[in-house]
Structures are given as C-alpha cells and as structure tokens.
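Visitor: Okay, sequence plus prediction incoming.
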Amino acid sequence: QLQLVESGGGLVQPGGSLRLSCAGSGRILDYYAIGWFRQAPGKEREGVSCMSSGGNIYYADSVKGRFTISGDSSKNTVYLQMNNLKPEDTAVYYCAAGTTYCSGYDLDVRDYWGQGTQVTVSS
C-alpha cells in the first residue's frame, strides 16, 4: 500500500511563492504517474498538474507559467513549485498516484491519495 504525504502549504500573500512536496513510501517516480489536485471550499476537486512515470508533464491552463511540477527520485518526492500565487489558488492541495497514465493534467486512475495540505493566498 503506497502512502503519500504532502507538506509545504501555508499562508502567503498574493504574488508570493510556495513549494509543496509529496513524499512517497516507495519509488513513486519509477512506477506511478503523479498528479496534483486542489479543492477550494464549495468547489469540486480539480486537477492542477500531472507528471507521468516517463517524465511527461502537463498543466491546467489556470496555473500554466506559474506552477512547476518536478521530482527527485532519490527522495521519492514530487514537488509543486507555485509562483505568483493568486487568491483563487486558495485550496487544499492533494497529490495522487496512479498506475496508469496522465490524462492531460489529470490522472487516468487515482489509486492513492495524500491527506492534503492547505494553501491560503491572502493579504
């Protein structure tokens, strides 16, 4: 059973940056596609970015040019660098791992989820 743990959330002013981490209990970069999702209050969970096990990367239009997904196989960790944050980026951010593939910036199948980390963008 793969376990995922997110960290790095917090309160940041508009225009600021945060880096989220998704640490896996196994070799997530070798065997899984990893997606980042977010859920704002009263809204459905939405895909933000996805990285396939082959290194293909996809972003939602709303974050393209501001967010960067990357991985460190030595740490079994996937990162989401978030720059130029906006109030509308406020949400709980989740990472998920899937054994199939990215469907654009979404995951085809979401087999495992982390517990989430809160990101609040406010002045």
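Guide: That came in fine, so what should we check first? Numbers count the residues shown, from 1 in each chain.
Visitor: The residue nearest to residue 7 when sequence neighbours are not counted and residue 91: what is the separation?
Guide: Leaving out its chain neighbours, the residue that sits closest to residue 7 by Cβ to Cβ, 6 or more residues apart in numbering is residue 21, at 5.0 Å. Glycine gets a C-beta too; all of them are placed from N, C-alpha and C. Distance, residue 21 to residue 91, by Cβ to Cβ, to the nearest Å: 17 Å.
Visitor: Residue 102 now?
Guide: Distance, residue 102 to residue 91, using Cβ to Cβ: 20 Å.
Visitor: now residue 2
Guide: Distance of residue 2 to residue 91, computed by Cβ to Cβ: 23 Å.
Visitor: Looking at these two, which one has more neighbours?
Guide: Each of residue 2 and residue 91 has its neighbours counted (other Cβ atoms under 10 Å); residue 91 has more, 22 against 16.
Visitor: Pull the contacting residues for the residue nearest to the more buried one when sequence neighbours are not counted.
Guide: Nearest residue to residue 91, sequence neighbours excluded (Cβ to Cβ, 6+ apart): residue 38, at 3.7 Å. Each residue near residue 38 by Cβ atoms under 8 Å, 6 or more residues apart in numbering is listed here: 45, 46, 48, 89, 91, 92, 93, 94, 119.
Visitor: No further queries at this time; thank you.
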